[in-house]
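Trainee: No letters, just coordinates:
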């Protein structure tokens, strides 16, 4: 018998009527009426160069050939140019930002190392860290005192001589908080002074009002993970990258399993996305920021509910429901019956998930307007009498 390995995993409570996680996601995926507000995906791209380039690739039967194993050189160059990291950096094109996180932690961490993350956060990072490190310290950051994000001061209080890596999700999923230039510089100085690494996950960077790269200030101590899932609207195509010094990237490449390259059709879409970015970026940002306002107005109408972070610098935020007396999972199930897919907080927090519902809003305005009505109805219906 094979004994399953036990790692830190995100708690997932299934909605009523589903036996497995896969069954649930198969259901929401195939329901064409479902309003998708549960996975921070972007549904705002119209028919554009991204789609056309992939259709052309399929018609040309590009998928019959393996692509370059580290990514097309043109794509690698365009990603580095997008980040203005063209000097002294190397890049590897991966099958998504999550794979990038896994590869980098697998490569960097030893069994005696410690890792610092935050709660709430992207819990799969804790999962990966627990596989390769000795100890993972997840700092509670769900409070006004720290601004709902991990501060340099909190990291200093929780680090020790064995701390090897600090995870910075920036902007932070699920809260939407973002780091200032001064905070990023302080983290960079800390990494240099203590010879540790910053794992800078910038998946939601392009939704932010302002964003700063740790790699600009501590290039030898930063690994930047990049994703095409969110702003580029390519979540199902599974493509991303990681960027660091040539030494680190070369080392991480030695543990790559998928050594025959990342999906060629996805890479063609990614090339078109970067080349056309200036033609659609402002529209998507403006729409998501307008959608936030619609949700905030609805939340403000609900006694006991509030937005810990507003405005969000991501395409998501959380709605705190604790004082309403309504369980987030019950709201999620209520909304699911109304054809709205949102997520209870346990998916992104071990400590505070019972308090909030996470919603994303990079969807057409009409879906957000429906959510605003149905959310208020949910609380009114479910609130203890």
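Mentor: Right, received. Where do you want to start? These numbers come from a predicted model, not from an experiment.
Trainee: Just the buried residues of the top helix by length along the chain, please?
Mentor: Ordering each helix of the chain by length in residues (DSSP state H) puts helix 264-300 first. Along helix 264-300, these residues count as buried under the neighbour rule (16 or more other CB atoms under 10 Å): 264-274, 276-277, 280, 284-285, 287-289, 291-292, 295-296, 298-299. In this view, the C-beta of every residue, glycine as well, is placed from N, C-alpha and C.
Trainee: Can you name the element that comes right after that helix?
Mentor: strand 316-320 (DSSP states H and E).
Trainee: Could you pull up the mean pLDDT of the longest helix of the chain?
Mentor: In this model, helix 264-300 has an average pLDDT of 98.
Trainee: for it, packing partners?
Mentor: Under the contact definition 3 or more CB pairs under 8 Å, 6 or more residues apart in numbering; DSSP states H and E, helix 264-300 sits against helix 49-59, helix 73-83, strand 316-320, helix 365-382.
Trainee: Buried deepest among these, which one?
Mentor: strand 316-320 (a mean of 27; mean count of other CB atoms under 10 Å).
Trainee: residue contacts, the residue lying closest to residue 260 once chain neighbours are set aside?
Mentor: Taking CB to CB, 6 or more residues apart in numbering, and ignoring the residues beside it in sequence, residue 260 has residue 66 as its nearest neighbour in space, at 5.0 Å. The neighbourhood of residue 66, defined by CB atoms under 8 Å, 6 or more residues apart in numbering, consists of 260-261, 264.
Trainee: of all the residues you listed, which comes closest to residue 353?
Mentor: Looking at the contacts of residue 66 and their distance to residue 353, the nearest is residue 261, at 37.3 Å (CB to CB).
Trainee: per-residue confidence at the closest one?
Mentor: pLDDT, the model's per-residue confidence, is 96 for residue 261.
Trainee: if I read this right, it contacts residue 71, doesn't it?
Mentor: Yes. Contact criterion CB atoms under 8 Å: residue 261 and residue 71 qualify, at 7.3 Å.
Trainee: Between these two, tell me which one has more neighbours.
Mentor: Between residue 261 and residue 71, residue 71 has the larger neighbour count (other CB atoms under 10 Å), namely 21 against 17.
Trainee: wait, doesn't that one sit right on residue 93?
Mentor: Yes. The pair residue 71 and residue 93 qualifies as a contact (CB under 8 Å) at a distance of 2.6 Å.
Trainee: so residue 41 makes contact with residue 235?
Mentor: Yes. In this structure residue 41 lies within contact range of residue 235 using CB under 8 Å: 4.7 Å.
Trainee: Determine the residues that are contacts of both of the two.
Mentor: Counting by CB under 8 Å, 6+ apart, the residues touching both residue 41 and residue 235 are residue 229.
Trainee: For the nearest residue to residue 135 once chain neighbours are set aside, name its beta-bridge partners.
Mentor: Spatial nearest neighbour of residue 135, excluding adjacent residues (CB to CB, 6+ apart): residue 114 at 4.7 Å. Counting by DSSP bridges, residue 114 is bridged to residue 135, residue 163.
Trainee: What count of nearby residues applies to residue 114?
Mentor: Once other CB under 10 Å is used to define contacts, residue 114 is seen to have 21 neighbours.
Trainee: Also residue 17?
Mentor: Other residues within reach of residue 17, judged by other CB under 10 Å, total 10.
Trainee: Equivalent analysis for the one 10 residues further on, please.
Mentor: Residue neighbour count, defined by other CB under 10 Å, stands at 15 for residue 27.
Trainee: got a list of contacts for the helix or strand that contains it?
Mentor: In this assignment (DSSP H and E), residue 27 forms part of helix 21-30. Residues outside helix 21-30 that contact it (CB under 8 Å, 6+ apart): 12, 14-15, 18, 34, 36, 38, 336, 341.
Trainee: Let's see which of these end up in helices.
Mentor: Using DSSP H, residue 336 are the members of those that sit in helices.
Trainee: and the residue nearest to residue 260, how far is that from residue 55?
Mentor: Distance of residue 66 to residue 55, computed by CB to CB, to the nearest Å: 21 Å.
Trainee: Residue 88 now?
Mentor: When distances are taken as CB to CB, residue 88 and residue 55 turn out to be 37 Å apart.
Trainee: Kindly report the same for residue 114.
Mentor: For residue 114, the distance to residue 55 equals 47 Å [CB to CB].
Trainee: And residue 170, by the same measure?
Mentor: Plainly put, residue 170 is 34 Å away from residue 55 if you go by CB to CB.
Trainee: again with residue 65
Mentor: Noted for residue 65: a distance of 17 Å to residue 55, by CB to CB.
Trainee: before we move on, the earlier item: contacts only, for the residue nearest to residue 135.
Mentor: 133-137, 159-160, 162-164.
Trainee: Counting neighbours, which of those end up buried?
Mentor: Looks like those have 133, 136-137, 159, 163-164 buried, using 16+ other CB under 10 Å.
Trainee: And those residues, which is closest to residue 307?
Mentor: So of those, ranked by how close each gets to residue 307 (CB to CB), first place is residue 137, at 27.5 Å.
Trainee: Please settle this for me: is the closest one part of a strand?
Mentor: Yes. Using DSSP: H, G, I helix; E, B strand; the rest coil, the assignment for residue 137 is a strand.
Trainee: ok, it touching residue 113?
Mentor: No. Residue 137 is beyond contact range of residue 113, at 11.7 Å (criterion: CB under 8 Å).
Trainee: quick one, strands of the stretch 101-250 of the chain?
Mentor: Counting by DSSP state E, counting those that start in this stretch, the stretch 101-250 of the chain has these strands, from start to end: 114-119, 135-140, 163-169, 197-201, 222-227, 240-244.
Trainee: I'd like those strands as CSV, with distance to residue 312 and mean pLDDT appended.
Mentor: Formatted as CSV, these follow (distance: least, CB to CB, whole Å; pLDDT from 0 to 100):
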stretch, distance to residue 312, mean pLDDT
strand 114-119, 16, 98
strand 135-140, 20, 98
strand 163-169, 13, 98
strand 197-201, 16, 98
strand 222-227, 17, 98
strand 240-244, 22, 98
